[in-house]
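1. This is a predicted model, with the sequence first.
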Amino acid sequence: MGDKAASKHIMSAAGVPVVPGYHGSQQDDETLTHEAAGVGFPLLVKAVAGGGGKGMKLAGSKEELAHAIASARREAAAAVGDDRLLLERFITRPRHVEVQVMADSHGSAVYLFDRDCSVQRRHQKIIEEAPAPGLPLSFHTEIGEAAVRAARAVGYVSAGTVEFIVDVDTQEFFFMEMNTRLQVEHPVTEAITGVDLVELQLRVAAGEHLPIDQETLLTRGPQGHSFEARLYAENTRRNFLPGAGKVLRWRVPESARTFDHTASIRVDSGVSEGDNVGVNYDPMIAKIVTHAADRTSALQLLQKALAETQVAGFPTNLSFLQDLSAHPAFEALDLDTGFIERHRKTLLEPQSVQPHVAALAAALWSKLTAAHTSSSTRQGGAFAAWQPGDSKRLWYKLTKPLSVKYADADQALDLQITYVSNTDYQVQTDSSSQPVSLQHLTLQSPDTWSAEVDGQQLRGNVLMHIHAGKQILTLWIEGRSYEFRKAIPVWSKDAHATAAHGQLTSPMPGKVIKVLVQEGQAVEKGQGLVVIEAMKMEHTLTAHVSGVVEGLSGLHVGTQVEDGQVLLRIGEAAKKAHAAAAAAG
């Protein structure tokens with residue numbers, strides 16, 4: 001079943017509906033182009049042995065097909081060492097519904113209900129839930145029975161997942177693939193069945209009979225509703241580019257700190273503070289799972305669990321998950337695989353930071369810097385006498401500027417901090433508004449603060465660290481996290497190299513697999529320059545300004561690059577000289 005093309009032939013013979021397409025052995029570009037015309041556009045180009053969106057490309061027209069085939073081949077070869085492809089009709093509004101099956105070596109096979117995995121980015125799942133909501137009982141029965149037929153058709157033994165594409169408009173379902181293993185999202189099935197699937201899989205592997213039959217499962221039915229949110233190391237504002245770095249903070253809900261597969265909140269993770277998250281594996285770092293009596297209650301519990309989760313040191317999709325789980329359309333079951341793209345404006349477009357949050361960040365920046373300065377002063381040094389760590393002044397109140405950037409929206413903030421006392425501040429966030437008043441700002445511990453902000457008592461957490469030439473402050477308040485950045489002056493002992501205007505830097509660690517330009521070539525803003533591979537996915541880096549490519553000599557296919565590394569420069573002056581020479585000639 002690992003071969004998508006062969007599996008579709010088997011499924012068709014077993015009476016399991018399959019998506020129309022080309023699943024043949026002839027793999028030359030000419031054959032694929034010819035067969036694509038018969039399938040029709042839009043269509044999906046998919047790796048025969050791929051998974052998780054790797055080696056899957058959408059071709060909306062004949063003109064897009066050649067690029068889709070070439071890119072899908074490269075990704076498939078890099079991910080699984082097999083560049084064979086298949087073509088499938090693209091259903092314009094599909095849901096992704098899958099069925100958990102379990103079969104033993106004695107001829108018994110059952111389905112343990114279904115899951116909806118429609119909310120995806122780059123064809124990879126983000127939030128899953130069980131059972132699949134908003135579908136009639138007859139649908140659940142038919143798709144479950146089809147999944148069992150699929151398992152029996154190949155003599156399958158063990159836990160497996162049969163995945164289907166469901167046409168939202170007609171509720172027709174089509175076999176997509178079978179994953180011959182437990183899926184990432186198996187905890188939601190455990191939650192609604194009360195069955196430990198890992199234990200059951202091991203018992204089946206040991207030759208035991210399945211301890212449960214289909215009639216018993218159907219009589220008992222799904223027990224409540226369950227959600228799983230995948231926490232990824234990625235930058236959602238940069239088209240979900242993978243992230244990497246050291247885990248500087250990791251906090252999960254108190255009730256989930258010990259493992260219990262029956263708990264109402266469960267967190268399965270592979271990281272702890274101090275670990276390094278790299279780019280050689282999938283970017284998922286944790287699964288946050290909730291279970292309650294109904295969908296609404298389970299979703300509210302998911303929102304609570306996400307608000308109580310804290311992570312810092314690299315970009316994650318945590319805030320995105322919070323926005324997604326609270327989106328009115330998600331709550332209203334407006335589900336299909338195009339959900340994120342359809343709601344891109346509300347989910348992905350950056351929002352300006354609220355004034356009270358910016359004011360808190362400014363005051364905490366000042367307070368933490370003062371604490372660090374006081375520590376340095378106590379340790380002595382040539383300039384210790386000129387580094388007072390408090391804000392005490394005689395006869396006047398000191399006001400100092402602070403220029404930072406709110407990272408999520410790339411929003412430049414020019415703040416004015418007035419020091420009323422060591423615990424009281426007035427912060428002007430913009431020239432047209434009243435200053436925000438902060439009183440009794442204290443640090444209960446190095447990472448926990450409390451304050452009265454415009455008369456409201458607030459409490460939260462904070463972390464300050466240095467990365468890639470920037471001082472970074474992460475603020476947790478009211479269940480959300482906010483990151484602010486400030487460039488370190490080049491003369492500072494803490495400064496790292498930073499990219500100047502016109503430099504193209506890598507947004508992630510990875511490997512160069514394609515260089516699309518040459519030294520001295522004139523390029524336009526938005527033009528593709530370099531293709532980076534990270535976590536077996538391709539990412540094309542484009543020019544942020546128009547100009548002429550410079551400094552490319554050290555970059556070639558196979559070069560390993562780091563996050564923030566300068567890859568090339570785009571020279572404006574060189575462009576003007578080039579244009580002048582062309583005009584003179």
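-> That came in fine, so what should we check first?

2. hey, let's count contacts and neighbours off CA atoms from now on
-> Will do.

3. looking at it, residue 207 is touching residue 103, isn't it?
-> No. Here residue 207 does not reach residue 103: they are 10.9 Å apart, not a contact under Cα atoms under 8 Å.

4. Show me which of these two is the more surrounded one.
-> residue 103 (23 against 12; other Cα atoms under 10 Å).

5. Residue 270 versus the more buried one, what's the distance?
-> Distance of residue 103 to residue 270, given as Cα to Cα, to the nearest Å: 29 Å.

6. so where's the stretch 401-550 of the chain shaky on pLDDT?
-> Counting by pLDDT under 70, the ranges of the stretch 401-550 of the chain that qualify are 468, 489-502, 535-536.

7. repeat that for 80
-> Scanning the stretch 401-550 of the chain with the threshold set as pLDDT under 80 gives 431-432, 467-469, 488-503, 507-509, 534-537.

8. Return the distance of the helix or strand where residue 250 lies from the chain's centre.
-> Element membership for residue 250, per DSSP states H and E: strand 249-251. Centroid separation between strand 249-251 and its chain, computed with Cα atoms, centre = their mean, to the nearest Å, is 17 Å.

9. which residues touch the nearest residue to residue 428 once chain neighbours are set aside?
-> Nearest non-adjacent residue to residue 428, counting by Cα to Cα, 6 or more residues apart in numbering: residue 435, 4.3 Å away. If a contact means Cα atoms under 8 Å, 6 or more residues apart in numbering, then residue 435 has 426-429 as its contacts.

10. So which of those residues sit within strands?
-> The strands, defined by DSSP state E, take in 426-428 from the contacts of residue 435.

11. who wins for neighbours among those residues?
-> Neighbour counts for the ones in strands among the contacts of residue 435, by other Cα under 10 Å, peak at residue 427, which reaches 26 neighbours.

12. Wait, that residue touches residue 439, no?
-> No. If you go by Cα under 8 Å, residue 427 and residue 439 don't touch, sitting 11.2 Å apart.

13. mind listing the helices for the protein?
-> Listed in chain order, the helices of the chain (DSSP state H) span 4-13, 29-39, 62-80, 137-153, 186-193, 197-205, 214-220, 295-307, 318-325, 328-331, 339-342, 344-348, 355-378, 572-584.

14. and those helices, which one is worst for confidence?
-> Least confidently modelled of those is helix 572-584, at a mean of 53 by mean pLDDT.

15. picking up where we left off before, nearest to residue 362, out of the ones in strands among the contacts of residue 435: which one, please.
-> Distance to residue 362, by Cα to Cα, is smallest for residue 427 among the ones in strands among the contacts of residue 435, at 7.5 Å.

16. what's near enough to touch that closest one?
-> Residues near residue 427 by Cα under 8 Å, 6+ apart: 359, 362-363, 415-418, 435-438.

17. So what touches the strand holding residue 250?
-> Here strand 249-251 has contacts from 272-273, 308-313, using Cα under 8 Å, 6+ apart.

18. Now, of those residues, which are buried?
-> By neighbour count, with 16 or more other Cα atoms under 10 Å, these hold 308-313 as buried.

19. so which of the residues you listed comes closest to residue 188?
-> Nearest to residue 188, judged by Cα to Cα, of those is residue 309 at 19.1 Å.

20. does the closest one really touch residue 254, like I thought?
-> No. Look at residue 309 against residue 254 with Cα under 8 Å: they stay out of range, at 9.5 Å.

21. picking that back up, got the helices of the chain as a markdown table, with mean neighbour count columns?
-> As requested, those are arranged in a markdown table below (neighbours: other Cα atoms under 10 Å):
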| stretch | mean neighbour count |
| --- | --- |
| helix 4-13 | 18 |
| helix 29-39 | 15 |
| helix 62-80 | 19 |
| helix 137-153 | 19 |
| helix 186-193 | 24 |
| helix 197-205 | 16 |
| helix 214-220 | 11 |
| helix 295-307 | 20 |
| helix 318-325 | 20 |
| helix 328-331 | 14 |
| helix 339-342 | 15 |
| helix 344-348 | 15 |
| helix 355-378 | 18 |
| helix 572-584 | 13 |
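
22. from the contacts of residue 427, which ones fall inside strands?
-> Within the contacts of residue 427, residues falling in strands by DSSP E are 415-418, 436-438.

23. Just the buried residues from those residues, in ChimeraX please.
-> Applying 16+ other Cα under 10 Å to the ones in strands among the contacts of residue 427, the buried members can be selected in ChimeraX as follows:
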select :415,416,417,418,436,437,438
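
24. Pretty sure residue 567 sits against residue 508.
-> No. Between residue 567 and residue 508 there is no contact under Cα under 8 Å: 11.8 Å.

25. And the two? Which one has more around it.
-> Neighbour totals were compared for residue 567 and residue 508, and residue 508 leads with 24 against 21 (other Cα under 10 Å).

26. Give me the spatial nearest neighbour of the more buried one, chain neighbours excluded.
-> residue 563 (4.2 Å).

27. Backbone dihedrals for that neighbour, please?
-> Phi and psi for residue 563, reported as degrees, to the nearest 10, are phi -60, psi 130.

28. if I look at it, how far off is residue 534?
-> Per Cα to Cα, residue 563 is found 11 Å from residue 534.

29. list residues touching both of these two?
-> Joint contacts of residue 563 and residue 534 (Cα under 8 Å, 6+ apart) are 508-510.

30. So which of these sit within strands?
-> Going by DSSP E, the strands hold residue 510 from these.

31. Relative to residue 56, which of the shared contacts of residue 563 and residue 534 is nearest.
-> Distances from residue 56 to the shared contacts of residue 563 and residue 534, taken as Cα to Cα, are shortest for residue 510 (20.0 Å).

32. Is residue 45 bridged to anything, and to what?
-> Note on residue 45: beta-bridge partners by DSSP bridges are residue 57, residue 87.

33. who touches it in this structure?
-> Contacts for residue 45 were tallied using Cα under 8 Å, 6+ apart; they are 55-59, 68-69, 72, 85-88.

34. Any of those residues buried? List them.
-> Applying 16+ other Cα under 10 Å to the contacts of residue 45 flags 55-59, 68-69, 72, 85-88 as buried.

35. Specify which member of those is nearest to residue 524.
-> residue 68 (23.2 Å).

36. Appreciated, that's everything.
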